[in-house]
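Novice: With the input below, show me the fold.
(one chain, ligands or ions: 1)
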Amino acid sequence: MTRYYLLRSALGALASAGLVTAAACGDSRETVTAAAATGAGTVSADDHVQADWRVTLAPLPYAFDALEPVIDAETMQLHHSRHHQAYVNGLNGALEARPDLQGVALEDILAQVSRLPEAFRNHGGGHWNHDFFWNSMTAPGTGGAPSEALASAIDQAFGSLDAMKEAFNRAGGGQFGSGWAWLIVNDAGELEITATPNQDNPLMDVADTRGQPILGNDVWEHAYYVQYRNRRADYLAAWWDVVDWAAASARYAEAMAD
Ligand SMILES: [Fe+2]
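Specialist: As a prediction, this is how the structure comes out:
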């Protein structure tokens, strides 16, 4: 996951500079031309490109309107290009002052965030959470179903998929103010639902319940207010229609393999 994250970040930087196609920042294995800047011919998305220590805003893995009618295009555009970009900028500002952390995997930074300046918690968390969030969703009706292993674990932990969704929605609805609801694999290797305030997440050493996130939903008002106004419960209920169960199932398999 870390290697993939670094690759996407590096490719995102090249894409922002117009050096590679946005498609290369997703799962595409196409070879793209970077000769204009480097004179080095071509760079493959399979290469472990390390352009810079700065984190970058990767393009969304789908169009702004791809999640309609569950999440409208205006919300997605503002959320990605304004809010997520602000976290990217804030994290880069924090890294500027800490050369010892430049190039360190974000997950490793978050695991020690209690000992770092507050900006790493707020902006480092904001960047990780949103990258995770964009890659947890897909067009309505295309998200499939949990893998056999994940479905079995959900049944064991919660009784049924619907019961898990209800518990998740209660966690998101009960999070006072801004924050996130999570489905995680906890340190005991069991599925658990938790919520975190602000831009905290279960990877942080400040989290009440730590674990490996499988799904996370953003319950900041900026995630839903344009379309749903103050009806957070409606947003939480509708969100399941855009959940990418293939992504969640892959994360579950990876967490259980650790
Ligand atoms: Fe957000």
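Novice: and the residue lying closest to residue 212 once chain neighbours are set aside, what is it in contact with?
Specialist: Nearest non-adjacent residue to residue 212, counting by C-beta to C-beta, 6 or more residues apart in numbering: residue 255, 4.0 Å away. Yep, even glycine has a C-beta here, placed from its N, CA and C like the rest. Contacts for residue 255 (C-beta atoms under 8 Å, 6 or more residues apart in numbering) come out as 185, 211-212, 214.
Novice: Please flag which of those residues sit within strands.
Specialist: Counting by DSSP state E, the contacts of residue 255 place 185, 211-212, 214 in strands.
Novice: Let's see if you can find the most crowded of these.
Specialist: Counting neighbours by other C-beta atoms under 10 Å, the top entry in those is residue 214, with 25 neighbours.
Novice: Is it correct that it is in contact with residue 250?
Specialist: No - at 9.6 Å, residue 214 and residue 250 do not qualify as touching, with contact defined as C-beta atoms under 8 Å.
Novice: and the ones in strands among the contacts of residue 255, which two are the farthest apart?
Specialist: 211 and 214 (8.7 Å; C-beta to C-beta).
Novice: For this structure, which residues are neighbours of the ion?
Specialist: For the chain, the contact set with the ion under C-beta under 5 Å from the ion comprises 218, 220, 223.
Novice: Can you turn the buried part of the residues you listed into a PyMOL selection?
Specialist: Entered in PyMOL, the line below selects the buried ones among these, by 16 or more other C-beta atoms under 10 Å:
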select buried, resi 218+220+223
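Novice: any idea which helix or strand carries residue 183?
Specialist: strand 179-186 (DSSP states H and E).
Novice: Direction included, what does that strand pair against?
Specialist: strand 191-197 (antiparallel), strand 211-218 (antiparallel) (DSSP bridges).
Novice: Would you mind saying which of those lies nearest residue 147?
Specialist: Closest to residue 147 of the strands paired with strand 179-186 is strand 211-218 (C-beta to C-beta; 11.1 Å).
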